[in-house]
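Visitor: the following comprises the amino acid sequence and a computationally predicted model.
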2 protein chains.
Amino acid sequence: MSDEKFNVKSQVTCTAPVNIAVIKYWGKRNEGLILPINSSLSVTLHQDQLKTTTTVASSLHFKEDRIWLNGKEDNINHPRLQSCLREIRRLARKRSSDGDNNSEKLNLSHKVHICSINNFPTAAGLASSAAGYACLVYTLARLYGVEGELSEVARQGSGSACRSMYGGFVQWIMGDKPDGKDSIAEQIQPETHWPELRVLILVVSAERKPVGSTAGMQTSVQTSPLLKYRAESVVPERMKEIIAAIRRRDFETFGELTMKDSNQFHATCLDTYPPIFYLNDVSKRIISLVHRYNTYYGRTRLAYTFDAGPNAVVYTLEEHVDEFVELIKQYFPPETNGEQFLKGLAVSPASVTEELKSAIGMESCPRGISYIINTKAGPGPRVVEDTSLHLLGSDGLPKHLKQSA
Amino acid sequence: MSDEKFNVKSQVTCTAPVNIAVIKYWGKRNEGLILPINSSLSVTLHQDQLKTTTTVASSLHFKEDRIWLNGKEDNINHPRLQSCLREIRRLARKRSSDGDNNSEKLNLSHKVHICSINNFPTAAGLASSAAGYACLVYTLARLYGVEGELSEVARQGSGSACRSMYGGFVQWIMGDKPDGKDSIAEQIQPETHWPELRVLILVVSAERKPVGSTAGMQTSVQTSPLLKYRAESVVPERMKEIIAAIRRRDFETFGELTMKDSNQFHATCLDTYPPIFYLNDVSKRIISLVHRYNTYYGRTRLAYTFDAGPNAVVYTLEEHVDEFVELIKQYFPPETNGEQFLKGLAVSPASVTEELKSAIGMESCPRGISYIINTKAGPGPRVVEDTSLHLLGSDGLPKHLKQSA
């Protein structure tokens, strides 16, 4: 064993997706185990547009566990990171003591090197921790040969990470056990269930960093009477309704519930003391645009949702994407010499009628939106089979280190 | 009787105050009678700064009931105006048929001319309907010799008008009778109870007219699950707490409840579908400034509240006014050649320490606030004894008519 050489067999690379909640998670009943005060539901986004890639290598020669995030070494002692490492190692030990005595168990005494990158800028304000922890847990599990329910482990890294363990439409069942064993994610429908569904991320230029979601939800739980009521009395019914709407691909119900739940989440932020504001004036203009557009057509064709920041995520059907993107360009004209405004799935040029424009009747807000990512529902975490794509070299160090400033 | 001449005996002029709620009224259980879904509480502002003046004249020679508001003739057939006229006339008839048979009853068959002006611009965004209806009802009651509980009549003009029927600290008890007879205002404490209390109105420049409160609260009642919970389960306890805080002049409790209730009201607006936003970016900056100021001093010295618009009303104690106004000037520097920035009670120059400024650490927002009105709690409606101050001339027409454009 002491002669074991570092080799590709003890190196695994996986990818994991971002997810966008339509029924929001806000508030924990147990901070340590990350147990939520209500169930939530999200759509897993396609990894062609947004993903985290993580390589984990294990070797006798590593002196200590180490982690590199987006090319920079980070603190491996972060409590949530340690929770995930500890849990996966515990499951691996359990598995090997259960008699499944193969070579994998040797790795358990070895240290790991973890290297993780996102294919989207952190500045996009997308909760990268969900994809990040999902990818870490999935990759560690592959390395140690751990199988079975992993969303419970990912949850302990970042609550919403448990939902990134599956593709398509995923609910995080809050559970009621004190140890959190029943607080897990479950796929409602795979990504193939509703192929027409599209997801547009409107990246809004924000002047300042908003209150972080961990601190924010803590204050909300402590001070907002409305949050408690929402969690106990509003969300359970909404979960049932939105699951049924997804099953029957009913966009109008899905969209309306999505918007109402986003608004209610932000309402509980405002009911927090001191109040938390995540929506800025551009966010509000997008909300207004969506409602006026839907009113014009007499149907819910577009549905916005906002997480703990000003960026909008708009759900719609494929047939409406071109027109909506054209509207966004009209009302939030991009910088002509700026970076590419439209990323992701292709969008065709479209014209907007004068009638629609006059029905919307908004002033334009130049550069309010930095860029749009057009994507759709996608699959859960995957193993990357091509060994040339490992992020760690044969020396166990990242292949591409970020230059220090 | 047919020889009766128009004379000053049948002309009455009164003034009535504005009030600012600290526990908010939002939502009716009966639209026609204006019965609220929760009790509310306000401070009546001093008429030296803000008041409505109304003259009502009655004459055999008037062909029809007429009304002039701020120098322009308005529609007398407005249903709420008609409710007030009808109710007061009913009470007057009731009184005279009860045997109190004096000359006043003759007026009942005569038409009235009503003329009303505010001493503050409508653009200030202060709910002028409360002072307006309170003044109308109070003046009509004087004209017809009606006494007794008039807040129930004022309520039928504009809900919050019932609270302007008293000075000082006033609660509007929601009541539970279907006919609304127990939905009345009641003085908690007179204006002399807490002489150190100050009220600063920060008039925020708004780009557009927000959703009106009548339509807004209707939509909220129909669509916000959080509003229903607030009305039933949060407000009753808050009413008790704030009344106790006012009684013992406990500014910290009073201020904290005031801010929490304002935030919760705006939270229910956001939970409305489609959502309603009354706070703009300047409003949010004021909120942030107040919290940072209070955090710096480790006490609640300032408390904001916002109605159905972006203007802030800040409650504080006299000793903190000078410093707060100086802060506002620093962070919202006024236009140097604009109109007078500070109106109302005198404010002394003050300096702000660098330490406080760095604790607040906000960027300045030039011209975000148009002007400040510094005022305090004041008395209820009053009769104007000086007959030269009547707004109607001996011809029964307004003395000062607004030039048409």
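Guide: Everything's here; your move.
Visitor: ok, A:A308 - contacts?
Guide: Listed by Cβ atoms under 8 Å, 6 or more residues apart in numbering or on different chains, the contact set of A:A308 reads A:A127, A:P210, A:V211, A:G212, A:S213, A:G216, A:Y278. Just so you know, the C-beta spots here come from the backbone N, C-alpha and C atoms, and that holds for glycine as well.
Visitor: now the helices for the stretch 151-300 of chain A?
Guide: Along the stretch 151-300 of chain A, counting by DSSP state H, counting those that start in this stretch, helices occupy A:151-155, A:213-223, A:225-229, A:235-247, A:251-270, A:281-297.
Visitor: and the second one, what's buried?
Guide: Right, the one you point to is helix A:213-223. A:S213, A:G216, A:M217, A:T219, A:S220, A:V221, A:T223 (16 or more other Cβ atoms under 10 Å in any protein chain shown).
Visitor: now the fourth one
Guide: Neighbour counts using 16+ other Cβ under 10 Å place A:V235, A:R238, A:M239, A:E241, A:I242, A:I243, A:A245, A:I246 of helix A:235-247 among the buried residues.
Visitor: who touches it?
Guide: Contacts for helix A:235-247 (Cβ under 8 Å, 6+ apart): A:22-23, A:38-41, A:169, A:171, A:188-189, A:193-194, A:250, A:253-254, A:257-258, A:260-261.
Visitor: tilt between it and helix A:251-270?
Guide: If you take axes from the mean of the first three to the mean of the last three Cα atoms, to 10 degrees, helix A:235-247 sits at 150 degrees to helix A:251-270.
Visitor: for helix A:235-247, give the mean pLDDT please.
Guide: Averaged over helix A:235-247, pLDDT sits at 98.
Visitor: next one: the third one
Guide: Averaged over helix A:225-229, pLDDT sits at 98.
Visitor: now for it, which elements pack on it?
Guide: Under the contact criterion of 3 or more Cβ pairs under 8 Å, 6 or more residues apart in numbering or on different chains; DSSP states H and E, helix A:225-229 touches helix A:213-223, helix A:251-270, helix B:225-229, helix B:251-270.
Visitor: report the contact partners of the nearest residue to A:M174 once chain neighbours are set aside.
Guide: Here the nearest residue to A:M174 in space, its sequence neighbours aside, is A:S39; by Cβ to Cβ, 6 or more residues apart in numbering or on different chains that works out to 4.5 Å. A:S39 sits next to A:I23, A:Q171, A:W172, A:I173, A:M174, A:V235, A:P236, A:M239 when contact means Cβ under 8 Å, 6+ apart.
Visitor: report the beta-bridge partners for the third one.
Guide: Beta-bridge partners of A:W172, counted by DSSP bridges, are A:S40, A:A185.
Visitor: thinking again about what came up before, any chance of the helices and strands packed on helix A:225-229 in JSON lines, plus distance to A:E147?
Guide: As requested, those are exported to JSON lines (distance: least, Cβ to Cβ, whole Å):
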{"stretch": "helix A:213-223", "distance to A:E147": "30"}
{"stretch": "helix A:251-270", "distance to A:E147": "33"}
{"stretch": "helix B:225-229", "distance to A:E147": "41"}
{"stretch": "helix B:251-270", "distance to A:E147": "44"}
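Visitor: figure out which of these is closest to B:I184.
Guide: helix B:251-270 (20.9 Å; Cβ to Cβ).
Visitor: what is the closest one packed up against?
Guide: helix A:225-229, helix A:251-270, strand B:19-23, helix B:213-223, helix B:225-229, helix B:235-247, strand B:302-306, strand B:312-317.
Visitor: give me the number of residues near A:V384?
Guide: 17 (other Cβ atoms under 10 Å in any protein chain shown).
Visitor: ok, the residue nearest to it when sequence neighbours are not counted - contacts?
Guide: Spatially, and ignoring its direct neighbours in sequence, A:V384 is nearest to A:T13 (4.2 Å; Cβ to Cβ, 6+ apart). Contacts for A:T13 (Cβ under 8 Å, 6+ apart) come out as A:T53, A:T54, A:T55, A:T139, A:V383, A:V384, A:T387, A:L389, A:H390, A:L391.
Visitor: what number of residues lie near the third one?
Guide: Just to be clear, that refers to A:T55. There are 25 residues near A:T55, going by other Cβ under 10 Å.
Visitor: dump the helix or strand in which it is found to PDB, restricted to CA.
Guide: Using DSSP states H and E, A:T55 maps to strand A:51-59. C-alpha atoms of strand A:51-59 as PDB (Å, rounded to 0.1, in the frame of the first residue of the first chain):
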ATOM      1  CA  LYS A  51     -22.700  23.900 -14.900                       C
ATOM      2  CA  THR A  52     -20.000  23.200 -12.300                       C
ATOM      3  CA  THR A  53     -17.200  20.800 -13.100                       C
ATOM      4  CA  THR A  54     -15.400  19.100 -10.200                       C
ATOM      5  CA  THR A  55     -12.400  16.800 -10.100                       C
ATOM      6  CA  VAL A  56     -11.600  14.900  -6.900                       C
ATOM      7  CA  ALA A  57      -8.300  13.000  -6.600                       C
ATOM      8  CA  SER A  58      -7.200  10.800  -3.700                       C
ATOM      9  CA  SER A  59      -3.700   9.800  -3.100                       C
END
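Visitor: correct me, but A:I37 touches A:G27?
Guide: Yes - using Cβ atoms under 8 Å, A:I37 is in contact with A:G27, at 4.2 Å.
Visitor: which neighbours do those two share?
Guide: With Cβ under 8 Å, 6+ apart, A:I37 and A:G27 have common neighbours A:V221, A:L227, A:A231.
Visitor: ok, so of these, who is nearest A:S283?
Guide: Relative to A:S283, and with distances defined as Cβ to Cβ, the nearest of these is A:L227, at 20.1 Å.
Visitor: neighbours around the spatially closest residue to that closest one that is not a sequence neighbour, how many?
Guide: Using Cβ to Cβ, 6+ apart and skipping the chain neighbours, the partner closest in space to A:L227 is A:T268 (4.1 Å). When neighbours are defined as other Cβ under 10 Å, A:T268 has 29 of them.
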